[in-house]
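Enquirer: here are the coordinates; sequence isn't available:
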């Protein structure tokens, strides 16, 4: 009770012992592993209940070992009333704040020499998909390391795969480590690297001036057509290299002639076999994926 002039202030919580004093008397060591109950999930982390009605917080950065893993893909794995195992990071009795970590319940795998050696570039692993974005699948390996599988590393011939239509969360897939940055805790995985690169394998078959039958699979605005050939090789035929008296329609097959095959940049350009005015001595295209620069996601 407090008296302020003619006003009397009453309190109920003062009838019981201050829970923060009770907690302080326990003198829980930092680093203690304990089980807490999830009481609230927000966009930047999770609130959990400790005891005596005191809550603590797990920040979005304290769930998985790895860099730039969005909390949006972690969030669906937790629910209110879940029991979670956490490590006590800090108690601030003055500000009445407690912080926990889930990832630090286990040691940092990037500091484990055996795990680091096992994750060398080129090694193959089975990984569980823990989250999906349009262009990225987030993969967790059994040793607790997480990394990204980008849509450009799924197929040698299709760089515009929508990952959310190809995979589901909880799928277990085979992957290969294609980059491993221990200091920054960043890992990238690939699927296409598990198979032979067709741009290397079929370079001789798709030599300049060679003729191939291909199926037109997509019209790209007024620019031209995307064509699929044997071995799932995909190329581009500009509309200017189709004779005016020829009609091209999607899902039909035609004969084309290779005018450019760049195995480093995965570029295959063709002309209609009946187009006769092409200059094979013209300057080669600049390095880089010219088609992607021009058409972006339309290809």
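Expert: Looks like it arrived, so ask away. Model, not experiment: these values are computed from the prediction.
Enquirer: Residue 93 contacts residue 24, correct?
Expert: Yes: the criterion here is Cβ atoms under 8 Å, and residue 93 meets it with residue 24 at 5.6 Å. The way it works is simple: take the backbone N, C-alpha and C, and place the C-beta from them, glycine included.
Enquirer: What separation is there between residue 152 and residue 190?
Expert: According to Cβ to Cβ, to the nearest Å, residue 152 and residue 190 sit 9 Å apart.
Enquirer: cool, and residue 164?
Expert: Using Cβ to Cβ, residue 164 is found at 18 Å from residue 190.
Enquirer: all strands in the stretch 51-200 of the chain, in order from the N-terminus.
Expert: Applying DSSP state E, counting those that start in this stretch to the stretch 51-200 of the chain gives strands spanning 55-59, 83-92, 97-101, 124-132, 136-141, 146-150, 172-181, 186-190.
Enquirer: mind putting those in TSV, mean neighbour count and distance to residue 238 included?
Expert: Shown next, in TSV, are the strands of the stretch 51-200 of the chain (neighbours: other Cβ atoms under 10 Å; distance: least, Cβ to Cβ, whole Å):
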stretch	mean neighbour count	distance to residue 238
strand 55-59	18	52
strand 83-92	16	57
strand 97-101	19	55
strand 124-132	18	35
strand 136-141	23	31
strand 146-150	23	28
strand 172-181	17	32
strand 186-190	21	31
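Enquirer: possible to save those as TSV with mean pLDDT and distance to residue 220?
Expert: Below are the strands of the stretch 51-200 of the chain laid out as TSV (pLDDT from 0 to 100; distance: least, Cβ to Cβ, whole Å):
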stretch	mean pLDDT	distance to residue 220
strand 55-59	97	45
strand 83-92	97	49
strand 97-101	97	49
strand 124-132	96	27
strand 136-141	95	25
strand 146-150	96	23
strand 172-181	97	29
strand 186-190	96	27
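Enquirer: Residue 252: which of those is closest?
Expert: Closest of the strands of the stretch 51-200 of the chain to residue 252 is strand 146-150, at 32.7 Å (criterion: Cβ to Cβ).
Enquirer: Remind me what the closest one packs against, helices and strands.
Expert: For strand 146-150, the packing partners by 3 or more Cβ pairs under 8 Å, 6 or more residues apart in numbering; DSSP states H and E come out as strand 136-141, strand 186-190.
Enquirer: For the closest residue to residue 56 other than its chain neighbours, list the residues it contacts.
Expert: Distance criterion Cβ to Cβ, 6 or more residues apart in numbering; nearest residue to residue 56, sequence neighbours excluded, is residue 98 at 3.5 Å. If you count contacts by Cβ atoms under 8 Å, 6 or more residues apart in numbering, residue 98 has them with 50, 54-57, 88, 90-92.
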